[in-house]
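> no sequence on hand, only this structure:
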Ligand code: COI
């Protein structure tokens, strides 16, 4: 495998006038430094709030302006950065969200890691950052998850949430692309992101993304920019914002934390990928599962007027969000032009079925006919 890496190429053109650099897998391996004393005994696995508990190890790698190097798995720790670190100033920061689960025989299973690697690199291109070799990414994740295997929760609705993050690291003040970068991956044992249905406010003043912007990239700034409108929505009693298109505030885009699906009596509607919404991997998985069932799915511009009309004439039967963290979150209320559309999500069957299928595939209980599962079967890694 490592010979193959030696010849893999990355494109990194920002400030380098489209030069092609060869990626050399320096040292030809990921060095692994195991934690001396695991922190796992401190964790109550019956209470693992999302995003707060970190497993023992992290993966790190550095881009030195020419190539990715220093591939290392080591105990999770704080990393010191210079105050002029460019990511803090100019926002060159992208991330991913992925999940690992345990099969019934105890094998760690990664869900669609190659697709996450590709999406990370699509975000990197848009944000003028270097692509990371996809095979090294999957290899690093496999090693990391193998090492943190004991941290993978087994309860339903729980998993090991994996957070890859790439940031600029040049120490420089002045707007230009950084030349150096760091990739970090951390593991978080996590319960559900939403433990109950969510309420959404249709946003009619602020926008998340515009044509030609960075809406499709999983860029940290997209989330930063969403915080103030989300706070305003929360002040009005809603959980999340439902973003609309930036031109007419007419077409639904996505929710702050997930893509959105509307189930009508005869079909399912979801906004098409137009460059302004996140290319959700759970979104794509849900569309595939729906089509497997022979349910018609329309990926197209979906206007809020159409949804309101379907609500009024009784053809709108379910509304749910889909994302890696959220999996599937039912919507119980949508605030639109001063009125609320209320839903009784307790009786919904399709969203429940989809959630149990996706969780079943993730845990190896349901056959993986689409090749989404990457079992982690590794020799015990050499430890330094
Ligand atoms: C994910 O679903 O993985 C995300 O990154 C969204 C965030 C709300 C946690």
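Cool, got the structure. Bear in mind that the values here come from a model prediction, so they are computed numbers and not experimental data.
> contacts only, for the closest residue to the ligand within the stretch 1-150 of the chain.
Ranked by C-beta to the nearest ligand atom, the top residue of the stretch 1-150 of the chain for proximity to the ligand is residue 97, at 2.0 Å. Yep, even glycine has a C-beta here, placed from its N, CA and C like the rest. With contacts taken as C-beta atoms under 8 Å, 6 or more residues apart in numbering, residue 97 has the following neighbours: 161, 162, 163, 218, 323, 324, 325.
> so where do the helices sit in the stretch 251-384 of the chain?
281-292, 304-312, 350-362 (DSSP state H, counting those that start in this stretch).
> so which of these gets nearest the ligand?
Here helix 281-292 is closest among those (C-beta to the nearest ligand atom), at 7.3 Å.
> residue contacts, residue 155?
45, 46, 191.
> picking up where we left off before, who wins on neighbours among the contacts of residue 97?
residue 162 (26 neighbours; other C-beta atoms under 10 Å).
> burial count for residue 356?
With other C-beta under 10 Å as criterion, residue 356 counts 14.
> helix or strand for residue 94, which one?
strand 93-95 (DSSP states H and E).
> now do whichever helix or strand comes after that strand: which elements does it pack against?
Using DSSP H and E, the next helix or strand after strand 93-95 towards the C-terminus is strand 98-102. The contact analysis (3 or more C-beta pairs under 8 Å, 6 or more residues apart in numbering; DSSP states H and E) places strand 98-102 against strand 108-111, helix 134-147, strand 159-168.
> make a markdown table from the ones you listed and add distance to residue 74 and mean pLDDT to it.
Below are the helices and strands packed on strand 98-102 laid out as a markdown table (distance: least, C-beta to C-beta, whole Å; pLDDT from 0 to 100):
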| stretch | distance to residue 74 | mean pLDDT |
| --- | --- | --- |
| strand 108-111 | 19 | 98 |
| helix 134-147 | 10 | 97 |
| strand 159-168 | 16 | 98 |
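> want to throw those into CSV with distance to residue 196?
Shown next, in CSV, are the helices and strands packed on strand 98-102 (distance: least, C-beta to C-beta, whole Å):
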stretch, distance to residue 196
strand 108-111, 24
helix 134-147, 29
strand 159-168, 19
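> state the distance from residue 274 to the ligand.
Remark: distance between residue 274 and the ligand (C-beta to the nearest ligand atom, to the nearest Å) = 19 Å.
> pull the number of nearby residues for that residue.
Count around residue 274 with other C-beta under 10 Å applied: 16.
> and what of residue 35?
Neighbour tally, residue 35, other C-beta under 10 Å: 16.
> cool, and the one 4 residues further on?
Other residues near residue 39 number 14, with proximity taken as other C-beta under 10 Å.
> mind checking the SS state of the spatially closest residue to residue 275 that is not a sequence neighbour?
Using C-beta to C-beta, 6 or more residues apart in numbering and skipping residues adjacent in sequence, the residue nearest residue 275 is residue 216, 5.3 Å away. Following DSSP: H, G, I helix; E, B strand; the rest coil, we place residue 216 in the coil state.
> my read: residue 216 touches residue 125, true?
No: Residue 216 is not in contact with residue 125 according to C-beta atoms under 8 Å; the separation is 10.7 Å.
> more neighbours: the two, which one.
residue 216 (19 against 15).
> mind listing what the more buried one touches?
122, 126, 209, 273, 275, 276, 277, 278, 279.
> count the neighbours of the third one for me.
Applying other C-beta under 10 Å, we find 23 other residues in the vicinity of residue 209.
> which pLDDT value belongs to it?
Residue 209 carries a pLDDT value of 97.
> for the last one, same thing?
Reading off the confidence values, residue 279 has pLDDT 97.
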